[in-house]
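Novice: Output the structure for:
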Amino acid sequence: MRDAKPGTIFLEDYTPPPYLIDTTELSFELYEDHALVHSSLTVRRNPAVEEGATLTLHGQDLELLGLSIDGRNLVADEYSVGAETLAIAAVPASFELRCTTRIKPQDNTSLEGLYKSRTMFCTQCEAEGFRKITYYLDRPDVMSVYTVSVEADSDRYPVLLSNGNLQQQETLAAGRQRVTWHDPFPKPAYLFALVAGDLAFIEDRFRTQSGRDVTLRIYVEEKDLGKCDHAMRSLKNSMRWDEEVYGREYDLDIFNIVAVDDFNMGAMENKSLNI
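Specialist: Residues are numbered from 1 along each chain as shown. Reported below is the predicted structural model:
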């Protein structure tokens, strides 16, 4: 983990990102000794920034396995990889960037990005943990629509969660499964979340002020299942309070909470998957 170097940051020093990411598709293959992350990003030049800027993505502790623009694999002299960046000098005004990285969650002792703790995969991306998962514009003013698929061993990790609404569940060969989640509303990378493990859950419903039914689930280890009722009541009360006080209605079909021992913070407000 890098040593923190606190310093004063002034609003007058802010510069907008030279590129924006409209859609983010992530595909995770989880194994016991590594994980593969395939990303497909729809990138375009920010019209508020002068043309000609190099695309510089954040990345840390990543092994780059593949990189392409609009289906064409890039050769080594078309990009440069630094300790914390991936820079591509000549990019179109808009394009699809595909990238494959290999990471080792079981060796990630920083507890940032995707890490393995005992029997569970978990993420912590605030404030800059997402860059330990894949190369990305990891800054809060880059908002993107996410579609995420997670593949893992069905017996070890029967529960595969990410942000948004559940789109698809598939049974694969060799005892593996894949689950796909989609959040139609743009969010920054620090609100991304993923959990894979053997968890139990309780379920309830919440009816919004406009009459939509939202599924509520609280996931815990089996030993803690009896502690969830108060948490569920608190969740429903807080959702109603948001509506009555702020007029804020929950915008997805499901709201998940994961409450386990293996987390490096008190809590994290990931979109639709609180940990």
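Novice: Please make it C-alpha for all contacts and neighbour counts, starting now.
Specialist: Noted.
Novice: what distance separates the start and the end of stretch 258-275?
Specialist: 5 Å (C-alpha to C-alpha, to the nearest Å).
Novice: Give me the buried stretch members for it, please.
Specialist: 258-259, 263, 268, 270-275 (16 or more other C-alpha atoms under 10 Å).
Novice: tell me the least confident of those?
Specialist: The pLDDT minimum for the buried residues of stretch 258-275 sits at Phe263, where the score is 72.
Novice: How much space separates that one from Arg207?
Specialist: Counting by C-alpha to C-alpha, the gap from Phe263 to Arg207 is 30 Å.
Novice: ok, Pro105 - contacts?
Specialist: Going by C-alpha atoms under 8 Å, 6 or more residues apart in numbering, Pro105 touches 33-35, 114-116, 121.
Novice: Output the buried residues of stretch 258-275 in CSV, with distance to Glu244 and secondary structure appended to each entry.
Specialist: Putting the buried residues of stretch 258-275 into CSV (distance: C-alpha to C-alpha, whole Å; DSSP: H, G, I helix; E, B strand; the rest coil) gives the following:
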residue, distance to Glu244, secondary structure
Val258, 26, strand
Ala259, 27, coil
Phe263, 32, coil
Met268, 24, coil
Asn270, 22, coil
Lys271, 20, coil
Ser272, 20, coil
Leu273, 22, strand
Asn274, 22, strand
Ile275, 25, coil
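Novice: Give me the three-state assignment for the nearest residue to Asp70 once chain neighbours are set aside.
Specialist: Distances taken as C-alpha to C-alpha, 6 or more residues apart in numbering place Glu96 nearest to Asp70, at 5.0 Å, with adjacent residues excluded. Judged by DSSP: H, G, I helix; E, B strand; the rest coil, the three-state class of Glu96 is strand.
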